[in-house]
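Enquirer: Give me coordinates for this.
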Amino acid sequence: MKNKIFITILAVGLMFSSSFAQVESQARFDIPTQEQTLETYGQVSEFELSKTIKILSWNVKKAELEGWAEDFKKLSADYDLLAIQEAASNSIFLNEIQRLSTTFRSHFFVSWIKNKDKTRSGVLTTSRVGTVSTNWFRTKDLEPIVKTPKITGVTEYKIKGSSKTLKLINIHAINISSVEKLESHLRGSLQFVKNHTGPVVFIGDFNTWSKKRLNLAIKICAEFGLKHYDYERLKVPDVMSDLDRVFVRGAKVNKVEMLDIRTSDHFPVSLEISVP
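Expert: Numbering: from 1, shown residues only. Model prediction:
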């Protein structure tokens, strides 16, 4: 009898705790309006990528770790396109984006806004050339507890000597959720390339922390003609290496590798492609 009473009290306590967490988290974050979703930084004079393109993808953990800015400064000098996940509107991160503003055009796709101090977080794609178009997909599904959505940014670029354009899909996939919610996020992100005839790069943090989630991502991307390109993954405590993925269609992958840089909880991923 005492056990039954204890279990009942525990269940009620957990229910109220969960309800309180949901109410508090809903009050802590706002979903951006259409106008608040896209922020742009910088100006560029070039509007065509060369046929060999270097892309860096990195979940930067909101630029929280010491030494991140120095590593980002070194890396950004070597790439044409940067796909950043867990971008944030803190001073360290935005200082680096402003520093790039004379040579890069940046598009910050805001997933959510913290109610208290208006800090924004999402994905950011920056490029040495201007874009043809920009789009995004924000999940209707929310992460549990924190009750925030995830977002995908889609940017399109002209290529020198080609009538076709490159589309880059930069994703931070929904995480602590069912595979059905992950599938919804992937399919929503890929809607922008269904009828696209040029090359496509789908890159970022796919949150593929289980074989089931990875196999689902590979299967869905294959339906859209994208091939999964894997690489040697570094195994280091406190740095995740199984969540970041690269999918490519309509381009030759010359090189893809994980870089041993540890100023985030993810390693950067470097990709070089050549387009016809």
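Enquirer: so what are the domain limits for this protein?
Expert: When the chain is parsed with automatic domain parsing, its domains come out as 1-29, 31-274.
Enquirer: Just put the ones you listed in a markdown table and tack on mean pLDDT.
Expert: As requested, these are arranged in a markdown table below (pLDDT from 0 to 100):
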| stretch | mean pLDDT |
| --- | --- |
| domain 1-29 | 45 |
| domain 31-274 | 97 |
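Enquirer: Just name the most buried of the ones you listed.
Expert: Among those, the stretch with the highest mean neighbour count (mean count of other C-beta atoms under 10 Å) is domain 31-274, at a mean of 18. Glycine gets a C-beta too; all of them are placed from N, C-alpha and C.
Enquirer: ends of that one, how far apart?
Expert: 38 Å (C-alpha to C-alpha, to the nearest Å).
Enquirer: separation between Ser89 and Thr119?
Expert: For Ser89, the distance to Thr119 equals 5 Å [C-beta to C-beta, to the nearest Å].
Enquirer: One more: Asp244?
Expert: In this view, Asp244 and Thr119 are 24 Å apart by C-beta to C-beta.
Enquirer: try Phe47
Expert: From Phe47 over to Thr119 (counting by C-beta to C-beta), the distance is 32 Å.
Enquirer: and what of Gln85?
Expert: 16 Å.
Enquirer: what does Ala217 give?
Expert: For Ala217, the distance to Thr119 (C-beta to C-beta) stands at 29 Å.
Enquirer: do Leu234 as well
Expert: From Leu234 to Thr119 the distance is 30 Å (C-beta to C-beta).
Enquirer: ok, now Ser241?
Expert: 27 Å.
Enquirer: Ok, Ile151 next?
Expert: With C-beta to C-beta as the criterion, Ile151 and Thr119 are 15 Å apart.
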